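Asker: Mind looking at a prediction? Sequence and model below.
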Amino acid sequence: MPISPSHISQIAIPVRDLDRAKRFYGESLGLSHLFDAPPGLAFFQCGQTRLMLSPPGDNPGSSILYYAVEDAGAAQRALAADGVAFDEDARCIARVGSHDIWLAICQDGEGNHVGLMSEQPVS
């Protein structure tokens, strides 16, 4: 059963020097800085898409696309039923304003990580 993401909600961009990257995305490109978060993350808005600058981790030089879905947990269950393995189960990763951000991470079969992200109103 397809989960039909509505758009790319977020892109993780691996960076080695966070301050240099923040200057580029904020000052050079002119994107709006949203907030910083531990450990060494910075978030910017580009239209409908949020950019997350993050340490390279295990995949240096490889970006991760985060697809907006209605419910990350339901999307995980649907894809798992189709045989997709998950590296990270759906969980609440942050509260931004009046919404909780939920995230699940799987792989596309080619070794690329794919995020499934939903924003749920705080109850």
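Answerer: Nice, I can see it.
Asker: so where's the chain shaky on pLDDT?
Answerer: Within the chain, the segments meeting pLDDT under 70 span 1, 58-61, 110.
Asker: Any chance you could list what contacts the lengthiest strand in it?
Answerer: Using DSSP state E, we find that the single longest strand of the chain is strand 86-96. Here strand 86-96 makes contact (C-beta atoms under 8 Å, 6 or more residues apart in numbering) with 37, 72-73, 75-76, 79-80, 100-107, 113, 116, 119, 122. Placement of C-beta: from N, CA and C, glycine included.
Asker: Just the ones in strands from those residues, please.
Answerer: Those of the contacts of strand 86-96 lying in strands (DSSP E): A37, D100, I101, W102, L103, A104, I105, C106, Q107, H113, L116, E119.
Asker: can you give me the helices in this structure?
Answerer: Applying DSSP state H to the chain gives helices spanning 18-22, 72-81.
Asker: Need the winner for burial among these.
Answerer: Mean neighbour count (mean count of other C-beta atoms under 10 Å) peaks for helix 72-81 among the helices of the chain, with a mean of 18.
Asker: Tell me what angle that helix forms with strand 99-107.
Answerer: 20 degrees (axes from the mean of the first three to the mean of the last three C-alpha atoms, to 10 degrees).
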